[in-house]
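Undergrad: Give the three-dimensional model of this entry:
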Amino acid sequence: MHPVQIIIQARMTSTRLPGKVMLPLCGKPVLQVMIERLPRWRDSIIVATTNDGTEAPIMALCQKLGVATFQGDTEDVLGRYYGAATKFGAKPNTTIVRLTSDCPLIDESLCSDVIKLHKENQFDMVNLGPHSGFPRGLDCCAFSFQLLEAAHLNATDPAAREHVTLGMPKFQTMTTHTLSAGSDYSHLRITLDEPDDYKAISAIYAHFNNRLDFSFADLMKALKEKPELTDINKHVEQKSV
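TA: Sure, this is the predicted structure:
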């Protein structure tokens with residue numbers, strides 16, 4: 001058995017768009033939309049939120065949806081991942097999947113490809129992100145619990161504690177595989193960090209009549225045919241991963 005834990009980091013204290021995970025989208029909170037975009041993996045999802053007193057809406061939503069939760073330090077996201085994984089029984093060979101809650105257009109099929117590649121090969125880490133040609137906002141990263149534990153026990157730099165995977169290569173020789181988009185869509189921004197990102201993502205969902213079951217191919221077709229959808233937020237600075 002090679003279990004999977006999909007851990008979504010979520011907080012209410014985003015500096016650029018506070019409370020973004022609870023903004024309404026398709027008549028539901030953004031975080032719920034993201035969870036419902038991953039029906040195949042619903043039982044594997046853990047929402048790793050904060051313990052700073054602001055997380056009550058996230059906790060209430062997850063309780064309503066029956067989604068597992070873990071509360072941890074706001075800045076120590078690495079510690080949050082480790083705590084979430086151990087709370088729900090991660091073993092050394094458990095595949096940990098890191099998702100961030102600013103990706104309400106997350107694609108289940110692409111995430112499944114990342115998970116399959118990690119489970120069936122000897123790669124320590126499998127990545128999908130804009131550096132592989134995908135738009136920013138579909139990011140998915142899979143690695144073993146063993147690797148997560150090594151990073152947690154050894155990382156002392158604040159940046160490594162905040163960004164989870166940043167320090168991993170320092171503590172273990174790693175083999176990595178990057179899933180390729182096949183074309184370069186990295187100029188497209190479908191992540192949720194700024195008010196205009198919210199407008200763009202809302203417009204994309206409106207294009208699909210607020211359905212949640214469209215594919216990556218459907219999404220790319222829509223963005224090619226209607227560039228005005230991503231013109232809404234193309235001026236927003238792309239932040240480094």
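Undergrad: Need the contact partners of stretch 38-50.
TA: 3-13, 31, 35, 55, 58-59, 62, 67-74, 77, 80-81, 83-85, 87-88, 97, 101, 106, 108, 111-112 (CB atoms under 8 Å, 6 or more residues apart in numbering). (C-beta placed from N, C-alpha, C; glycine too.)
Undergrad: Show me which of those residues are buried.
TA: Taking 16 or more other CB atoms under 10 Å as the criterion, what is buried in the contacts of stretch 38-50 is 4-12, 31, 35, 55, 58, 62, 67-72, 74, 77, 80-81, 83-85, 87, 97, 101, 106, 108, 111.
Undergrad: Inside helices: which ones of the contacts of stretch 38-50?
TA: When DSSP state H is applied, the contacts of stretch 38-50 are split such that 31, 35, 58-59, 62, 77, 80-81, 83-85, 87, 108, 111-112 fall in helices.
Undergrad: Can you give me every residue that contacts the residue nearest to the spatial centre of the chain?
TA: The centre of the chain sits closest to Leu99, judged by CA atoms, centre = their mean, with a distance of 2.1 Å. If you count contacts by CB under 8 Å, 6+ apart, Leu99 has them with 6-9, 34, 106, 111, 139-140.
Undergrad: could I get those residues as TSV with distance to Arg211 and pLDDT?
TA: Formatted as TSV, the contacts of Leu99 follow (distance: CB to CB, whole Å; pLDDT from 0 to 100):
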residue	distance to Arg211	pLDDT
Ile6	22	98
Ile7	26	98
Ile8	21	98
Gln9	26	96
Met34	15	98
Ile106	15	98
Cys111	19	97
Asp139	22	94
Cys140	21	96
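Undergrad: For these, which two are the farthest from each other?
TA: Using CB to CB, the two most remote members of the contacts of Leu99 are Gln9 and Cys111, lying 15.1 Å apart.
Undergrad: Find me the pLDDT at Gly129, would you?
TA: In this model, Gly129 is scored at 81, pLDDT.
Undergrad: And the one 4 residues further on, by the same measure?
TA: With respect to pLDDT, Gly133 scores 93.
Undergrad: before we move on, what about Val241?
TA: 35.
Undergrad: ok, now which ones touch Gly106?
TA: For the record, residue 106 is Ile, not Gly. Contacts of Ile106 by CB under 8 Å, 6+ apart are 34, 37-38, 99, 137-138, 140.
Undergrad: any idea how far Asp157 is from it?
TA: Separation of Ile106 from Asp157 (CB to CB, to the nearest Å) stands at 28 Å.
Undergrad: now Gly53
TA: Taking CB to CB, one finds Gly53 at 26 Å from Asp157.
Undergrad: Could you do Lys170 as well?
TA: Lys170 is 9 Å from Asp157, by CB to CB.
Undergrad: Over to Ala48?
TA: From Ala48 across to Asp157, the span is 20 Å (CB to CB).
Undergrad: Helices of the chain, start to end?
TA: Going by DSSP H, the chain shows helices at 30-36, 56-65, 77-87, 108-120, 145-154, 158-163, 168-171, 195-207, 216-225, 228-231.
Undergrad: and the residue nearest to the centre of the chain, bridged to which residues?
TA: Ile8 (DSSP bridges).
Undergrad: What of Met125?
TA: Applying DSSP bridges, one finds that Met125 bridges with Phe143, Thr176.
Undergrad: Please name the residues that touch it.
TA: 118, 141-143, 147, 165, 168, 174-177.
Undergrad: for these, which one is nearest Asp231?
TA: Lowest distance from Asp231 to the contacts of Met125 (CB to CB) belongs to Cys141, with 28.9 Å.
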